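S.K.: 3D model of this:
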Amino acid sequence: TRAQAKINAQLNSSTIPDTSIEAKSSIDDQPPREEDHEFDVLTIGEEKSSIDDQPPREEDHEFDVLAIGEAQKIDKLYQTKVLEIQANPIRHAYVLENGILYKLFNCGISTRKLLYVPPTMVKQLLTAYHDAPWAGHFGFHRTYWKLKDKYWWPDMKTTIKDYIQSCLKCRKFNIDRRKAPGLLHPIEAPGGPFQLIGIDYTGPFPTTPQENKYVLAITDYFTKWVIAIPLPNQTARTTAEALYEHYVCIYGVPLRILSDQGSHFNNELMAAFTQLLGCHHIKSTPYHPQTNGAIERFNATFERQLAKLTDQQINDWDIHLKSITFAYNTGQHATTKFSPYQLQFGRNPTLPPDTPRRSYEFSKPNDYFHYFKQTLKIYHQHATMNIKQQQQIYKKYFDHHRPDIYYSPGDQVLKRITTQHTKLGELFSDPMVVVRSKHPTYWIEDPTSHKIHQVHVSQLRTCRLHH
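M.R.: From the prediction side, this is the model:
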């Protein structure tokens, strides 16, 4: 063909003598195919890179094998191997043919030769075999498989892996099958009830005749006692009023309140409300539900149970909410091994189907108080041990095979896109810069808008843009 004639003409013009040898070499890579290596010129269609702070890859992705001959001649490894071959051509791991250097591999019954790619042309070759439309931005194994039978250079596998890991498009679009980074840091178990409560919204649900659309759930982190309140909206005012009426006026002021960073919790009104009550408001890291895990688990449980009782025609789910909550509070909790009701009131409830219990008689009014106090103390001691044990078990399971990646200010990272996106949409943002670190929480800056985002390490992906 015309291309082959052009190649032969260039190769025949070389002044370096041919050296034909029989070589034995250990095979580090997979055995090549049996067909002879064929030169070709790959001209790849135009594709623009989105890397702004690095030299862009060529718009016309052209890898010309003809250029390898000239690139080899100015390469130090090439010059060294030429001298070695000329001095002792027998049993050498390289061979010269028409001035072109090949790496030899012993494949058992035959010896195969792979074209040596000098460092100055490795990037161009990888661009063609990874970035081009026909290459498809596939991962290491597919890319290496296409290259291993034709080309060779030192640390070939490492170079290919590094190149693909630094591909911005792959970092933004690829799904990582591994666990998200960041080990579990359980909240220290409170010493008793009414010390730490978590609050969270669920919804919107179908609007009921009472115009309720949301559920505000309040969970005690020690007893696991849940209060679920149907509400028409989730404004800051509605939240503060519900918290005051349904919790503070019944159980008193908790020491700490844990919530996410939603606008209904993170606002001036809630700040003033908690300051007035004298309790500390803790806000969890965005998009990291493990921080407020107790209440997240209740939300997942009650929604399905509520659906079973709701009349789908009139959407009366708010009528059944108290019954579902009562059923939850009177059942054994997997963590404490007690029901929330037991830890809250020091006894088991009498359920409608139950037979009347025997009555207790106390000679003095405060005898009941001492009995109740002693019973509750035993319950709480066992619950505390169970909570700590379950935290250790869950942490061991959660952390298993999970990477714990640390970032420093100045590092470039990609932020997971948490809004809804199409199936062909990006999974991660453009590169952002870490400006503050308090592992596992990081503050990153968008270089375009200069907006600061607070995120958990599980929402970040390492960004390597060195090519």
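S.K.: host element of residue 68?
M.R.: helix 66-73 (DSSP states H and E).
S.K.: buried sites along the helix or strand just after that helix?
M.R.: Where DSSP H and E defines the elements, the next helix or strand beyond helix 66-73 is helix 76-87. Within helix 76-87, the residues that qualify as buried by neighbour count (16 or more other C-beta atoms under 10 Å) are 78, 81, 82, 85. Using the backbone N, CA and C atoms, a C-beta is placed for each residue, glycine as well.
S.K.: Check stretch 437-451 too.
M.R.: Buried residues in stretch 437-451, counted by 16+ other C-beta under 10 Å: 437, 440, 441, 442, 444.
S.K.: State the pair within these that is farthest apart.
M.R.: 440 and 444 (13.2 Å; C-beta to C-beta).
S.K.: Backbone dihedrals for the most centrally placed residue in the chain, please?
M.R.: In the chain, the centroid-proximal residue (C-alpha atoms, centre = their mean) is residue 180; its distance is 3.2 Å. The phi and psi values for residue 180, taken as degrees, to the nearest 10, are phi -60, psi 150.
S.K.: Relative to residue 390, how far out is it?
M.R.: 22 Å (C-beta to C-beta, to the nearest Å).
S.K.: Quick one: the strands in the stretch 251-400 of the chain, in order.
M.R.: Secondary structure of the stretch 251-400 of the chain (DSSP state E, counting those that start in this stretch): strands at 256-259, 280-283.
S.K.: average pLDDT across the last one?
M.R.: Predicted confidence along strand 280-283 averages 87 (mean pLDDT).
S.K.: partners of that strand in the sheet?
M.R.: Strand 280-283 pairs in its sheet with strand 256-259 (parallel), by DSSP bridges.
S.K.: ok so, going back, could I get the strands of the stretch 251-400 of the chain as TSV with mean neighbour count and distance to residue 382?
M.R.: Below are the strands of the stretch 251-400 of the chain laid out as TSV (neighbours: other C-beta atoms under 10 Å; distance: least, C-beta to C-beta, whole Å):
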stretch	mean neighbour count	distance to residue 382
strand 256-259	21	23
strand 280-283	16	27
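S.K.: so residue 464 makes contact with residue 165?
M.R.: Yes. Counting by C-beta atoms under 8 Å, residue 464 touches residue 165, with 5.6 Å between them.
S.K.: Common neighbours of these two, please.
M.R.: Here residue 464 and residue 165 have residue 171 as joint contacts, going by C-beta atoms under 8 Å, 6 or more residues apart in numbering.
S.K.: if we can go back for a sec, show me what contacts the residue nearest to the centre of the chain?
M.R.: Contacts of residue 180 (C-beta under 8 Å, 6+ apart): 402, 458, 459.
S.K.: Let's see the helix or strand hosting residue 101 as CSV, backbone CA atoms only.
M.R.: Take DSSP H and E as the rule and residue 101 turns out to sit in strand 100-106. Taking Å, rounded to 0.1, in the frame of the first residue of the first chain, the C-alpha atoms of strand 100-106 are listed here in CSV:
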residue,chain,number,x,y,z
ILE,A,100,14.6,0.9,14.5
LEU,A,101,15.0,-0.5,18.1
TYR,A,102,12.8,-3.4,19.2
LYS,A,103,12.5,-5.1,22.6
LEU,A,104,12.6,-8.9,22.3
PHE,A,105,10.5,-11.3,24.3
ASN,A,106,10.9,-15.1,24.4
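S.K.: what pLDDT, on average, does stretch 316-329 get?
M.R.: What stretch 316-329 shows for mean pLDDT is 89.
S.K.: next one: stretch 350-363
M.R.: The model assigns stretch 350-363 a mean pLDDT of 69.
S.K.: Repeat that for stretch 445-456.
M.R.: 90.
S.K.: Equivalent analysis for stretch 234-244, please.
M.R.: 92.
S.K.: can you list the strands of the stretch 251-400 of the chain in JSON lines and add distance to residue 105?
M.R.: Below are the strands of the stretch 251-400 of the chain laid out as JSON lines (distance: least, C-beta to C-beta, whole Å):
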{"stretch": "strand 256-259", "distance to residue 105": "61"}
{"stretch": "strand 280-283", "distance to residue 105": "60"}
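S.K.: Among those strands, which comes closest to residue 141?
M.R.: So among the strands of the stretch 251-400 of the chain, strand 280-283 is nearest, using C-beta to C-beta, at 42.9 Å.
S.K.: For the closest one, which outside residues touch it?
M.R.: Contacts for strand 280-283 (C-beta under 8 Å, 6+ apart): 255, 256, 257, 258, 259, 260, 261, 265, 266, 270, 271, 274.
S.K.: which residues touch the last one?
M.R.: Shown here is residue 274, whose contacts under the criterion C-beta under 8 Å, 6+ apart are 257, 280, 281.
S.K.: tell me which helix or strand of the protein sits lowest on mean pLDDT?
M.R.: Ranking every helix and strand in the chain by mean pLDDT, DSSP states H and E puts strand 41-46 at the bottom, with a mean of 34.
S.K.: Export the helix or strand hosting residue 141 to PDB, keeping only CA atoms.
M.R.: Using DSSP H and E, residue 141 maps to helix 140-147. Extracted C-alpha coordinates of helix 140-147, given in PDB (Å, rounded to 0.1, in the frame of the first residue of the first chain):
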ATOM      1  CA  PHE A 140      -6.200   0.300  32.300                       C
ATOM      2  CA  HIS A 141      -6.800  -3.300  31.300                       C
ATOM      3  CA  ARG A 142      -8.400  -2.500  27.900                       C
ATOM      4  CA  THR A 143      -5.800   0.100  27.100                       C
ATOM      5  CA  TYR A 144      -2.900  -2.100  28.100                       C
ATOM      6  CA  TRP A 145      -4.300  -5.000  26.100                       C
ATOM      7  CA  LYS A 146      -4.400  -3.000  22.900                       C
ATOM      8  CA  LEU A 147      -0.800  -1.800  23.400                       C
END
